[in-house]
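Q: build me a model from this:
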Amino acid sequence: MGFGIFIVITALLPFVIGQYYLYVVTQVMIYAIATLGLDVLYGRTGQLSLAHASFFGIGAYVAALSNTFGVPVVLQPVLVLGLAVIVGALVAIPTLRLSGLRLALVTLLFGELFVWLIDHASNLTGGSQGMTVQPLTLGPFDSSEPLDGYALAAIASLLATVMCVQLGKTQYGRRMLAVRDSELASASVGIPIVRTKIAAFILSAILAGAAGWIYAYVVGFVSPTTFDLFGSVNFLVAVILGGSGRVLGAWCGALYIVLVPEVFSSIGYPNLFPIVGGAVMIVVAMTIPRGLVGSLEKLGETLWAVRGRRGRAGG
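A: Predicted coordinates for the structure are as follows:
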């Protein structure tokens, strides 16, 4: 039923909001795909990564450089998929024995290396000045048109959401949760911890890379500032705020990291968002560790239990 509501709302939105707000909703959908990727890694498997914006950036620069080198559109998703698998594995394998802060620091190193590479390969990437991305065109489709870009993001975000929901129902999804809760207990019952972690990193990179590829074609411009440490922290804030391990939580987090900066920009204080983002993460971690969705679920369970007790008492 939830997917049916999503499809109906998605189909109706272009008729009730203007082009600018349609563009903002498109950004929310794109960031939701990437946030779902980090939720697989951190929310479900417990692997803290500060390289997620780099995975996002890999997809974006594949789109940008594909224009430069004339790579056919039909081959670009394959290229994004292949690079995401390789990079996800390259980050995962050296960090298999790490967790927590040490894992975060190693992934941070990868993220910084990615930004350094983009900055210093200025002949290809435009360096810190960024580069323009020509729109994706295929027949009448043009990603620079708000409605076409919205349709592309909507289809991709729906597929990513369905995949993540179904993942939670599979044996592999349950293995990820077990590894998150206790690696020692998981190993004692025969769960392949190494393969589970590598798979989580790769799937996370694939979702982020796909989101970055769409982002580049919709926005029409890429620069390393979008894919630096602050970008990774924003994704982490989105997962924690929305509720780690929950698909709806990833969507709520994506709403936050897209809409709140828009609000600050509209009132003339765009630079306040990073400060607010850090403060929000601290407050959420201390007061509602389950995140918004998790806290609402807990509240619903409590109210249902109270109602049940009253019903039994009345009977």
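Q: where along the chain do the strands fall?
A: 131-132, 137-138, 141-142, 221-222 (DSSP state E).
Q: which of those strands comes out lowest on mean pLDDT?
A: Mean pLDDT across those is lowest at strand 137-138; the value there is a mean of 86.
Q: so what strands line up beside that one?
A: Within its sheet, strand 137-138 is paired with strand 141-142 (antiparallel), according to DSSP bridges.
Q: for the strand it pairs with, what is the distance to the chain centroid?
A: 25 Å (Cα atoms, centre = their mean, to the nearest Å).
Q: who touches it?
A: 135-136, 148, 152 (Cβ atoms under 8 Å, 6 or more residues apart in numbering). The way it works is simple: take the backbone N, C-alpha and C, and place the C-beta from them, glycine included.
Q: tell me, please, where in the stretch 1-150 of the chain the pLDDT is lower than the cut-off.
A: Along the stretch 1-150 of the chain, the model assigns pLDDT under 70 to residues 1-2.
Q: check contacts around V293.
A: 242-243, 246, 248-249, 252.
Q: actually, V258.
A: Counted by Cβ under 8 Å, 6+ apart, V258 has contacts 24, 27-28, 31.
Q: same for the longest helix along the chain, what does it pack against?
A: Secondary structure of the chain read by DSSP state H shows that its longest helix is helix 193-219. With contacts taken as 3 or more Cβ pairs under 8 Å, 6 or more residues apart in numbering; DSSP states H and E, helix 193-219 sits against helix 19-38, helix 52-69, helix 76-92, helix 146-167, helix 171-181, helix 183-188.
Q: among the contacts of V293, which two are most distant?
A: Maximum pairwise distance in the contacts of V293, criterion Cβ to Cβ, is 8.7 Å, between R246 and C252.
Q: what do the two both touch?
A: Common neighbours of R246 and C252, using Cβ under 8 Å, 6+ apart, are 291, 293.
Q: more neighbours, those two?
A: When neighbours are counted by other Cβ atoms under 10 Å, R246 and C252 differ, and R246 comes out ahead with 23 against 20.
Q: pretty sure the more buried one contacts G294?
A: Yes. Look at R246 against G294 with Cβ atoms under 8 Å: they come within range, at 6.4 Å.
Q: re the thing from before, deepest-packed of the strands of the chain, please.
A: Neighbour counts (mean count of other Cβ atoms under 10 Å) averaged over each of these peak at strand 221-222, with a mean of 20.
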